[in-house]
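Enquirer: sequence and predicted model, in that order:
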Amino acid sequence: MNDTPRIRTVVSCTLLAVTVTATATACGGSDGHPLSARAYDAAGQLVVSAPAKGAKADPEKPLEITAKGEEGQITDVSAVDSAGHHLAGELTADGRRWRSTASLAAGARYTVRVATEDEDGAPGARTFTFETAPAKTALTVTFGPEAGTYGVGQPITAELSLPVKDRKARGVVERALRVRSTPSVEGSWYWVDEKTMHFRPKEYWPAGALVTVTGNLDGLKIGDKLYGGASAPLKLTIGDRIEAITDAGAHYMTVLRNGEVINSMPVTTGKAGYSTRNGIKVVLGKEYYVRMRGTSIGISTGSSDSYDLPVYYATRVTWSGEYVHAAPWSVGSQGVENVSHGCVGMSTGNAAWFYETVRPGDIVKTVNSWGEEMDTFGNGFGDWNMDWADWRKGSALVEPSGDPTPATEKARLRPSI
């Protein structure tokens, strides 16, 4: 038997008997046109694998519909769940059997419409519904950050409730997560680890963009006995393009809004042994007051580098404790030399202005420092320090040339000055 799928349309004017009436013609209808024929009830002509009313189908098993006996055949099958997703399937060349080729969704309700024809070519039809059993274990996703307005550097995060290791399963998850931006952008997901994904555009988000993130995992089969669950959508607004660029060699910070300089101020950055990280960072949050202690970064109490200070107007850019903050004790060194323990220090007035000007997601970049490069993951959002070609390789939908495994553990919250 040839199992090649087929699509067939049949028009017939043959007389036939219909069980609900004494007689009818396939050319029935006031105008006598073949397509005006009323389809007979094909329920008795078909055997379906769907369970009886009240029972729920196993989503791990395919849906099968078979024509009884030797006469008549199936001409078309449409199976759609309540979310509007069509179930793919194949019809054998002889029209005797239709079988789903895609996985059924878990916890879904399907409406199935079957078109048939009898031995004389007269059209028949059957419509039925059935439900599938809910998944025993469902993978859910939580999007971040919280809804609100953010800077142009803010990545979208997706935290999965269960680890996904298999690349094919990751592809299923990734296809089900949709990021829409107005205006539109080119962007991609990156699998940071088995439970974490980041999405960023190729370039920074356009100022004023509206971003919507949705997950269509509910009921979707992801892998062996693993199905998706419902997830709450996320909406973000992107503010002005704010970029703060600190030149550690010149000891100055320049702040731009939408490409135009709006302020330039003297600063001090990390001294030898505590150099500020080079690279692009993203504002993580703002804290009006932070108590900063040297012991939090391994400095012994009483040593020459020890400190314990109240710090105001602190804008956090790494989880390990790098801030832009007020440093009134080092005003004499600001614009001249680097004397901090890794943070960017400035006068109280300038720090207050910076604190009020920036928001989470804004760009803070350091250049010409002796420090290490900002980590891509694990110590804040260093996503923009990876070039686009390498970022794309982190997608499960793109074949990578290698298999890097970036570190993902957040560094301990350690404020430093």
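Expert: Received it, and whenever you're ready, just let me know what you need.
Enquirer: how close does residue 216 get to residue 315?
Expert: Shown here: residue 216 relative to residue 315, a distance of 36 Å by C-beta to C-beta, to the nearest Å. (Glycine included, C-beta is placed from N, CA and C.)
Enquirer: ok, those two, which is more surrounded?
Expert: Applying other C-beta atoms under 10 Å to residue 216 and residue 315 shows that residue 315 carries more neighbours, namely 25 against 15.
Enquirer: where in this protein is pLDDT low?
Expert: Within the chain, the stretches with pLDDT under 70 are 1-37, 294-297, 300, 302, 304-306, 308, 400-417.
Enquirer: between the two ends of stretch 374-387, how far is it?
Expert: One end of stretch 374-387 to the other measures 13 Å (C-alpha to C-alpha, to the nearest Å).
Enquirer: which parts of it are buried?
Expert: 374-386 (16 or more other C-beta atoms under 10 Å).
Enquirer: dig out what residue 90 forms beta bridges with.
Expert: When bridges are assigned using DSSP bridges, the partners listed for residue 90 are residue 99.
Enquirer: burial measure for it, as a count.
Expert: 15.
Enquirer: touching, it and residue 77? I think so.
Expert: No: in this structure, residue 90 sits apart from residue 77 without contact. The criterion is C-beta atoms under 8 Å, and the distance is 9.5 Å.
Enquirer: list the residues that contact the nearest residue to residue 388 once chain neighbours are set aside.
Expert: Sequence neighbours aside, residue 202 is the residue nearest to residue 388 in space, at 5.1 Å (criterion: C-beta to C-beta, 6 or more residues apart in numbering). Counting by C-beta atoms under 8 Å, 6 or more residues apart in numbering, residue 202 touches 185-188, 388.
Enquirer: roughly how far does residue 202 sit from residue 397?
Expert: Relative to residue 397, and taking C-beta to C-beta, residue 202 is found at 15 Å.
Enquirer: could I get the phi/psi values of the spatially closest residue to residue 371 that is not a sequence neighbour?
Expert: In space, not counting the residues next to it along the chain, residue 371 is nearest to residue 275; the distance is 3.3 Å by C-beta to C-beta, 6+ apart. Main-chain dihedrals, residue 275, degrees, to the nearest 10: phi -60, psi 140.
Enquirer: my guess is residue 275 meets residue 269, correct?
Expert: Yes: taking C-beta under 8 Å as the definition, residue 275 is a contact partner of residue 269 at 7.4 Å.
Enquirer: give me the common contacts of these two.
Expert: Applying C-beta under 8 Å, 6+ apart, one finds that residue 275 and residue 269 are jointly contacted by 248, 338, 342, 369.
Enquirer: can you flag which of these belong to helices?
Expert: In this view, the shared contacts of residue 275 and residue 269 have no member that belongs to helices under DSSP state H.
Enquirer: buried residues, stretch 298-317. List them.
Expert: For stretch 298-317, burial by neighbour count (16+ other C-beta under 10 Å) applies to 299, 307, 311-317.
Enquirer: looking at the residues you listed, which one is closest to residue 144?
Expert: Checking the buried residues of stretch 298-317 against residue 144 with C-beta to C-beta, the nearest one is residue 316 at 15.9 Å.
Enquirer: pretty sure that closest one is touching residue 281, no?
Expert: No: using C-beta under 8 Å, residue 316 makes no contact with residue 281, being 9.5 Å away.
Enquirer: overlap in contacts, these two.
Expert: The overlap between the contact sets of residue 316 and residue 281 (C-beta under 8 Å, 6+ apart) consists of residue 322.
Enquirer: hang on, the earlier thing: looking at residue 275 and residue 269, which one has more neighbours?
Expert: For residue 275 and residue 269, the more surrounded residue by other C-beta under 10 Å is residue 269, and the numbers stand at 30 against 19.
Enquirer: quick one, what contacts the more buried one?
Expert: Taking C-beta under 8 Å, 6+ apart as the definition, contacts of residue 269 comprise 246, 248, 251, 275-276, 338, 340, 342-345, 366, 369.
Enquirer: neighbours around residue 267, how many?
Expert: By other C-beta under 10 Å, neighbour count at residue 267 equals 29.
Enquirer: ok, it touching residue 255?
Expert: No: using C-beta under 8 Å as the test, residue 267 is too far from residue 255 to be in contact (11.0 Å).
Enquirer: give me the residue at the spatial middle of this structure.
Expert: When the chain is reduced to its mean C-alpha position, the closest residue under C-alpha atoms, centre = their mean turns out to be residue 177, at 4.0 Å.
Enquirer: now do the shared contacts for residue 90 and residue 77.
Expert: Between them, residue 90 and residue 77 share these contacting residues under C-beta under 8 Å, 6+ apart: residue 98.
Enquirer: hey, what's residue 293 bridged with?
Expert: Counting by DSSP bridges, residue 293 is bridged to residue 308.
Enquirer: sorry, wrong one. I was asking about residue 282.
Expert: In this structure, residue 282 bridges to residue 363 when assessed by DSSP bridges.
Enquirer: so how far does stretch 252-268 reach from one end to the other?
Expert: With C-alpha to C-alpha applied, stretch 252-268 spans 8 Å between its terminal residues.
Enquirer: and the contacts of it?
Expert: Contacts to stretch 252-268, defined as C-beta under 8 Å, 6+ apart, come from residues 207, 240-247, 251, 324, 327, 330, 333-340, 344-347, 350, 353-354, 357.
Enquirer: and it, how far from the chain's centre?
Expert: Relative to its chain's centre, stretch 252-268 lies at 34 Å (C-alpha atoms, centre = their mean, to the nearest Å).
Enquirer: before we move on, what about stretch 128-145?
Expert: Taking mean C-alpha positions (C-alpha atoms, centre = their mean), stretch 128-145 and its chain are 16 Å apart.
Enquirer: list the buried residues for that stretch?
Expert: Neighbour-count burial for stretch 128-145, with 16+ other C-beta under 10 Å as criterion, is recorded at 130-133, 135, 138-141, 143, 145.
Enquirer: what is the end-to-end distance of it?
Expert: 43 Å.
Enquirer: state the helix or strand in which residue 200 lies.
Expert: Taking DSSP states H and E as the definition, one finds residue 200 inside strand 196-201.
Enquirer: after that strand, which helix or strand is next?
Expert: Beyond strand 196-201 on the C-terminal side, the first helix or strand identified by DSSP H and E is strand 210-215.
Enquirer: buried set for that following strand?
Expert: Neighbour counts using 16+ other C-beta under 10 Å place 211, 213-215 of strand 210-215 among the buried residues.
Enquirer: next, the angle from that strand to strand 196-201.
Expert: Between the axis of strand 210-215 and that of strand 196-201 there is an angle of 150 degrees, by axes from the mean of the first three to the mean of the last three C-alpha atoms, to 10 degrees.
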